[in-house]
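Visitor: Based on what follows, work out the 3D shape:
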Amino acid sequence: MAITARSLAAPARRCAAALAAAVLCAAAAPAAFAADPAPAASPKLPKGLYGSTDPKYDGVWRQSLALLAQDTTGVRPADSAVDWLAGQQCADGAFTAYRADPKRPCDAKTLRDTNQTAAAVQALAAVGGHADAVRKGVSWLKSAQNDDGGWGSASGAPSDANSTSVVIGALAATGTKPESVTAKKGGKTPYEGLLAFRLGCDVEKKDRGAFAFQAKDGKLAANEDATAAAVLGALGKGFVVEQGAGAAKSASCEAAAKDAHAAAGGAADQLGSVLDAHDHHLMSAMPGAESQPDVGNTADAVVALAAAGRADAAKQSLGWLREHSAAWAKQSGPAAYAQLILATHATGGDPRDFGGTDLVTKLNATGPKPASAASDQQAEKDQKEDEGGGSVWWVVLVGLAAGAGIGFLLSGRRKQNQL
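Guide: Numbers count the residues shown, from 1 in each chain. As a prediction, this is how the structure comes out:
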């Protein structure tokens, strides 16, 4: 999954892709494992937006993840929430992190963000009703492709593994075959662009198959966040992964160098080994910060492992999340609850019973009341069945009573379910 700001919501691992990453991560990102955060000032927020913190760096991102998570659980988001997201789009199809005044046209100074755009495209495609916005978003993403086949955090920015992966996910989620989107100069595919960040056979064994975020001084360094993102990208998957969707077979180090599917298998295996080394969770490595458990990256790793068919490893890490994510999610807000829901969904779990916590209710409470939920739909269905069944049985019983001279006293009880 790719990268913008994990700052206030989609957590700090996504800071690497922002052009102002160093400033943003240091100033805006919460501690990945904080238990007792200091209360933040609550700015005046627009109608329909999820979360209570300043959306300057992550408004579109957290809104997109929230809508996607709701959609996977049978919740139909409020119209105001969907409209807010759609209204953030620039006329050329791109999205930035947040537009305080959507009526004011985007100009040359507007920082168009590939990650926010790709996230919004996935969300709007999932909830439906905004086909034109989705089409324009995909068109802009195609226009921002670099000559190496990949994408940077913004149009013209150097490619990175996370941004390339999240754009691949958006293309796939909208029915576009990623391999068909080739660079205008050189014709390289997104998969070729992504594989450029894979650590090959000439590195230490423990790092083989991992992905780097970007090359630094011409060298690649293993990065768990980039690796988790690259597993999804290499498999052509978006944020939403269905349980048992498929498996990426392990392959030789040499074979994985040119085959994205094989590379996904190797990356998943490498990621799994890192999780095993840390009791099934990942550690943060923010510059200048003390190493600590990284809940957000662990949730993303669960989705990646599930997508690659590493079900046992995914469920072990999900078990760790059940015990250690509550404080982080409460602090981080809607995108954090969404990450946990998507991780649970990918492993076939029940997000309404996540270690005793109803993640769906928690997420819904961070924004406008949903238009409907799965339980509401089921209750309506049950009621219709009861009413329909009652009328049929009434005819049958009245007929029996008339024939046998026996009176019947009938009563019915209707089911009522609520979220």
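Visitor: contacts, neighbours, all on C-alpha from now
Guide: Noted.
Visitor: can you pull the pLDDT of the spatially closest residue to Trp84 that is not a sequence neighbour?
Guide: Spatial nearest neighbour of Trp84, chain neighbours left out: Gly48 (5.8 Å); criterion: Cα to Cα, 6 or more residues apart in numbering. For Gly48, the pLDDT comes out at 96.
Visitor: what about Gly48, distance to Ala81?
Guide: 4 Å (Cα to Cα, to the nearest Å).
Visitor: shared neighbours of these two, anything?
Guide: Residues touching both Gly48 and Ala81 (Cα atoms under 8 Å, 6 or more residues apart in numbering): Gly367, Pro368.
Visitor: So for these two, which sits in the more crowded spot?
Guide: Ranked by neighbour count (other Cα atoms under 10 Å), Gly48 and Ala81 place Ala81 first, with 24 against 19.
Visitor: In the stretch 201-350 of the chain, where is pLDDT below threshold?
Guide: 245-246, 285-286 (pLDDT under 70).
Visitor: repeat that with 50
Guide: Applying pLDDT under 50 to the stretch 201-350 of the chain flags no residue at all.
Visitor: and if you look at the stretch 1-150 of the chain?
Guide: Using pLDDT under 50, the stretch 1-150 of the chain drops low at 1-41.
Visitor: In it, mark out all the helices, start to finish.
Guide: 21-28, 59-72, 79-87, 114-127, 131-143 (DSSP state H, counting those that start in this stretch).
Visitor: for the stretch 251-400 of the chain, same thing?
Guide: Assigned helices in the stretch 251-400 of the chain, in chain order: 260-277, 295-307, 311-324, 326-332, 334-346, 359-364, 374-404 (criterion: DSSP H, counting those that start in this stretch).
Visitor: just to revisit the earlier point, could you dump the helices of the stretch 1-150 of the chain into CSV with distance to Ser291 added?
Guide: Putting the helices of the stretch 1-150 of the chain into CSV (distance: least, Cα to Cα, whole Å) gives the following:
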stretch, distance to Ser291
helix 21-28, 15
helix 59-72, 25
helix 79-87, 35
helix 114-127, 26
helix 131-143, 35
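Visitor: closest to Gly244 out of those helices?
Guide: Closest to Gly244 of the helices of the stretch 1-150 of the chain is helix 59-72 (Cα to Cα; 15.3 Å).
Visitor: Tell me what angle that closest one forms with helix 79-87.
Guide: 130 degrees (axes from the mean of the first three to the mean of the last three Cα atoms, to 10 degrees).
Visitor: Output the contacting helices and strands for helix 59-72.
Guide: Applying 3 or more Cα pairs under 8 Å, 6 or more residues apart in numbering; DSSP states H and E, we find helix 59-72 packed against helix 79-87, helix 114-127, helix 334-346, helix 359-364.
Visitor: Please repeat the previous calculation with a cut-off of 6 Å.
Guide: Using 3 or more Cα pairs under 6 Å, 6 or more residues apart in numbering; DSSP states H and E as the contact test, the elements touching helix 59-72 are helix 114-127, helix 334-346.
Visitor: Can you show me the CA trace of that helix as CSV?
Guide: Presented in CSV, the C-alpha positions along helix 59-72 are these (Å, rounded to 0.1, in the frame of the first residue of the first chain):
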residue,chain,number,x,y,z
GLY,A,59,-7.8,14.2,4.6
VAL,A,60,-8.3,12.3,1.3
TRP,A,61,-6.2,9.4,2.5
ARG,A,62,-8.1,8.7,5.7
GLN,A,63,-11.5,9.3,4.0
SER,A,64,-10.7,6.9,1.3
LEU,A,65,-9.6,4.1,3.7
ALA,A,66,-12.7,4.7,5.8
LEU,A,67,-15.0,4.3,2.9
LEU,A,68,-13.2,1.2,1.6
ALA,A,69,-13.4,-0.4,5.0
GLN,A,70,-17.1,0.4,5.4
ASP,A,71,-17.8,-1.1,2.0
THR,A,72,-16.0,-4.4,2.8
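Visitor: Once you drop chain neighbours, what's closest to Gly266?
Guide: Once flanking residues are discounted, Gly266 sits nearest to Gly209: 5.0 Å by Cα to Cα, 6+ apart.
Visitor: and if you look at Ala263?
Guide: Leaving aside its sequence neighbours, Ala263 sits nearest to Ala256 (Cα to Cα, 6+ apart; 4.4 Å).
Visitor: Not counting its neighbours along the chain, what's nearest Lys56?
Guide: Nearest residue to Lys56, sequence neighbours excluded (Cα to Cα, 6+ apart): Tyr98, at 5.3 Å.
Visitor: Same question for Gly348.
Guide: Distances taken as Cα to Cα, 6+ apart place Gln243 nearest to Gly348, at 5.5 Å, with adjacent residues excluded.
Visitor: Distance-wise, check Ala133 relative to Leu124.
Guide: In terms of Cα to Cα, Ala133 sits 8 Å off from Leu124.
Visitor: same deal with Thr366?
Guide: 19 Å.
Visitor: what about those two, which has more around it?
Guide: Neighbour totals were compared for Thr366 and Leu124, and Leu124 leads with 24 against 18 (other Cα under 10 Å).
Visitor: any idea how far the more buried one is from Leu275?
Guide: Remark: distance between Leu124 and Leu275 (Cα to Cα) = 33 Å.
Visitor: before we move on, what about Ala257?
Guide: Plainly put, Ala257 is 23 Å away from Leu275 if you go by Cα to Cα.
Visitor: and what of Ala66?
Guide: 26 Å.
Visitor: So for these two, which residue has more residues nearby?
Guide: Using other Cα under 10 Å as the criterion, Ala66 and Leu275 rank with Ala66 on top: 31 against 22.
Visitor: State the distance from the closest residue to Arg99 other than its chain neighbours to Ala371.
Guide: Closest residue in space to Arg99, ignoring its immediate chain neighbours: Gln88 at 6.2 Å, by Cα to Cα, 6+ apart. Counting by Cα to Cα, the separation of Gln88 from Ala371 is 21 Å.
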